[in-house]
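In: what follows is a predicted structure for the sequence shown.
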Amino acid sequence: MSTPRMSVQLYSVRHALEADEDAALGRLAALGLSKVEAFGFVHRAGELADALARHGLSAPTGHAGFLSPERATADGAPAPTLDETFRAARRLGVEILFDPFVPAARWADETEIARTAGLLNEAAKRAADHGLRVGYHNHSQEFVHTVAGVNAFDRFADLLAPEVALEIDLFWASAGGYDVVSLLNRLGSRVRALHVKDGPVIDDPFTSGAPFDAADTRQVPAGRGEIPLDASLAAAPDAEYAVIEFDHYDGDIFEGIAAGVAYLNGKGIA
């Protein structure tokens, strides 16, 4: 069993980054973190790489949407191409790039699940030309449907090429009604990263059609909620990264992250 390396998803501190990026990154480094998981970086990879370097941080993993070719950017401009996305990831130093969200409707249809898997397999071939690995990061909508008698996420995983990585968000997989420890045991070495996130086991909000409010997740520092984090870490011996993340935190987010750092340190993860 290998020991994963600790990281933090920068989305957790997005408001602090908007207010003062250097100060926020400095506070993360002061907590003993040396690795982060980047998001929203494709248009500013060089700038972010320089900012991380100033604080002794690196981004071996990142999130970018590349499995929805029909999407556009927030301002209506065309989405970056695969090659543009992959070049940006490599400029930042990313080793594994995860698509973090495929909409709920695409997980209710077997044809769409197969299409998503095909897009990811093709992206893996293209990414290899850039010296990059790619994979998928789940929320909860992937687990609430059954297609041809098989859970939608299991069907998806079965269709993936061996080189495709998976990043399992333990909080969101639990929200999908899944036994995450059994899931991890079944996926085995495909799991290259975990989102170590805790709180109550909530119902999937993404297929309800109601507006999603991140505050409703009621997330708490790692080890203080209902998600079986200890057993999950043990069930993912091939995970390379244990990534702390909060979608929302009632309190000082840096204190919440510090508690996560202490939890992982207690498991021998640094």
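Out: Yes, it's here.
In: right, and residue 6 touches residue 36 too?
Out: No: using CB atoms under 8 Å as the test, residue 6 is too far from residue 36 to be in contact (10.2 Å). Quick note: C-beta positions are derived from backbone N, CA and C, even for glycine.
In: when these two are compared, which one has more neighbours?
Out: A side-by-side neighbour count of residue 6 and residue 36, using other CB atoms under 10 Å, places residue 36 first with 26 against 22.
In: give the contact list for the more buried one.
Out: 7, 8, 9, 10, 25, 28, 52, 57, 58, 59 (CB atoms under 8 Å, 6 or more residues apart in numbering).
In: next one: phi and psi at it?
Out: phi -130, psi 160 (degrees, to the nearest 10).
In: for residue 39, same thing?
Out: phi -140, psi 160.
In: what's the distance between the nearest residue to it once chain neighbours are set aside and residue 270?
Out: Nearest non-adjacent residue to residue 39, counting by CB to CB, 6 or more residues apart in numbering: residue 63, 4.4 Å away. Between residue 63 and residue 270 the distance, using CB to CB, to the nearest Å, works out to 23 Å.
In: of the two, who's got more company?
Out: Each of residue 63 and residue 270 has its neighbours counted (other CB under 10 Å); residue 63 has more, 20 against 14.
In: dihedrals phi and psi, that one?
Out: phi -120, psi 130.
In: who does it bridge with?
Out: With DSSP bridges as the criterion, residue 63 is bridged to residue 39, residue 98.
In: right, and it touches residue 14 too?
Out: No: under the criterion of CB under 8 Å, residue 63 makes no contact with residue 14, lying 12.0 Å away.
In: ok, residue 16 to residue 118 distance?
Out: Distance of residue 16 to residue 118, computed by CB to CB: 38 Å.
In: what's around residue 154, how many residues?
Out: Using other CB under 10 Å, residue 154 has 17 other residues around it.
In: tell me the SS of the closest residue in space to it that isn't next to it in sequence?
Out: Nearest residue to residue 154, sequence neighbours excluded (CB to CB, 6+ apart): residue 186, at 7.4 Å. At residue 186 the chain is in helix, as set by DSSP: H, G, I helix; E, B strand; the rest coil.
In: distance of residue 186 from residue 172?
Out: Here residue 186 is placed at a distance of 17 Å from residue 172 (CB to CB).
In: tell me which element residue 114 falls in.
Out: Element membership of residue 114 [criterion: DSSP states H and E] is helix 110-128.
In: tell me what that helix is packed against?
Out: Applying 3 or more CB pairs under 8 Å, 6 or more residues apart in numbering; DSSP states H and E, one finds that helix 110-128 contacts helix 82-92, strand 133-137, helix 152-158.
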